[in-house]
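1. Sequence first, then the predicted structure:
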Amino acid sequence: MDAFEFVGDWSGQLIATSIHAGHDLRPEIAELSILAEDDRFREEDPFTDRIASLAPARVLVHRSRFETDLNRVRERTVYRRPEDAWGLRMWSLDPLPDDVVARSLEVYDSFFAALAERLDEVAARGPFVLYDVHSYNHRRHGEDAEAEPWEENPEVNLGTGSVDLDRFSPVVEAFRGSMQAQGFDIRENVKFKGQNLAWWIHDRYPGVGCVLAIEFKKTFMDEWTGEPDEARIDFLAEALGHTMDPVLQALPDA
């Protein structure tokens, strides 16, 4: 399977990505991995590709963030040591060999080159919005421990840390308003503000690209067993789908 793919109809101005949904590792990385698969799965964003499935144009990433984390700057995209990844011991060799890192960087570079080619065409038509869909753990203290406090863990975290709010605040408000109208606890920049993908797009397409970094709390699955709540995943996909028309209507003119 390819590391990533572009699917859907790219003739419009809304795209969704699920860059941490992937679980695959290329063979040389898999051979070096000593991290239990369920521990790796817990730190990925499984099922976010399904949550984003109603977007007309989508970017699917099949490789695990433990091979190449596309939401980190290039110097930090490869997890070499435990301190790069929640203290987890990942590799039989410490640090990860430079030649292995170089091949992971090739994936990173090819991803952003291909994404640029796609988004250049979208941006040429005018302003666009990209849903950068992620999820986050809220039961880190153990399978039987209490969930982390609601006050610091919204059901949906909307990351807008690098959004040009002077230009795109109507887009942010349209998204937030649509989710609130559907009954969601959505709050801005509580857990996450958006990272490398958002930074890269906002830098490359200033005043044109608007990235909404959308983090769903993992209430749609058991983050310890990996068991999905199929009905909840479908519900979240529908809810995200309902935001798309108002968000597109809120995009500024070229």
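-> Ah, there it is.

2. could I have stretch 131-139 exported to CSV, CA atoms only?
-> This file holds the C-alpha atoms of stretch 131-139, laid out as CSV (Å, rounded to 0.1, in the frame of the first residue of the first chain):
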residue,chain,number,x,y,z
TYR,A,131,-10.2,20.0,8.0
ASP,A,132,-7.1,18.6,9.7
VAL,A,133,-8.8,15.8,11.6
HIS,A,134,-7.2,14.2,14.7
SER,A,135,-8.2,12.6,18.0
TYR,A,136,-6.8,12.6,21.5
ASN,A,137,-6.6,10.4,24.5
HIS,A,138,-8.4,11.3,27.7
ARG,A,139,-7.7,8.3,29.9
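
3. got the buried residues for it?
-> Residues of stretch 131-139 classed as buried by neighbour count (16 or more other Cβ atoms under 10 Å): 131-139. (Each C-beta comes from the backbone N, C-alpha and C, glycine too.)

4. could you redo the residues you listed as TSV and give each row secondary structure?
-> Below are the buried residues of stretch 131-139 laid out as TSV (DSSP: H, G, I helix; E, B strand; the rest coil):
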residue	secondary structure
131	strand
132	strand
133	strand
134	strand
135	strand
136	strand
137	coil
138	coil
139	coil
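
5. from the residues you listed, which is closest to residue 229?
-> Of all these, residue 229 sits closest to residue 135, with 12.4 Å by Cβ to Cβ.

6. how much space between the closest one and residue 184?
-> 14 Å (Cβ to Cβ, to the nearest Å).

7. Residue 76 too?
-> 31 Å.

8. and the longest helix anywhere in the chain, how far from the chain's centre?
-> The longest helix of the chain (DSSP state H) is helix 98-125. Taking Cα atoms, centre = their mean, to the nearest Å, one finds the center of helix 98-125 at 16 Å from the center of the full chain.

9. got the buried residues for that helix?
-> 100-101, 104, 107-108, 111-112, 115, 119, 122-123.

10. Can you list the neighbours in contact with the worst-scoring helix or strand of the chain on mean pLDDT?
-> Ranked by mean pLDDT, DSSP states H and E, the weakest helix or strand in the chain is helix 37-43, scoring a mean of 96. Helix 37-43 is contacted from outside by 23, 33, 64-66, 85-86, 88, 137, 223-224, 226, using Cβ atoms under 8 Å, 6 or more residues apart in numbering.

11. The helix or strand containing residue 15 pairs with which strands?
-> Applying DSSP states H and E as the criterion places residue 15 in strand 14-18. Strand 14-18 has its sheet partners listed here by DSSP bridges as strand 57-61 (parallel), strand 128-136 (parallel).

12. I'd like to check the angle between the shortest one and helix 98-125, please.
-> Right, strand 57-61. Here strand 57-61 runs at an angle of 180 degrees relative to helix 98-125 (axes from the mean of the first three to the mean of the last three Cα atoms, to 10 degrees).

13. What of the last one?
-> An angle of 140 degrees separates the directions of strand 128-136 and helix 98-125 when computed by the same axes, to 10 degrees.

14. So what's the model's average confidence on whichever helix or strand comes after strand 128-136?
-> Remark: after strand 128-136, the chain's next helix or strand is strand 156-159, criterion DSSP H and E. Averaged across strand 156-159, pLDDT comes to 99.

15. Identify the residues contacting the closest residue to residue 69 other than its chain neighbours.
-> Spatially, and ignoring its direct neighbours in sequence, residue 69 is nearest to residue 77 (5.2 Å; Cβ to Cβ, 6 or more residues apart in numbering). By Cβ under 8 Å, 6+ apart, the contact list for residue 77 reads 68-70, 104-105, 108, 196.

16. Let's see that with 10 Å instead.
-> Taking Cβ atoms under 10 Å, 6 or more residues apart in numbering, we find residue 77 in contact with 65, 67-71, 84, 101, 104-105, 107-109, 111, 196.
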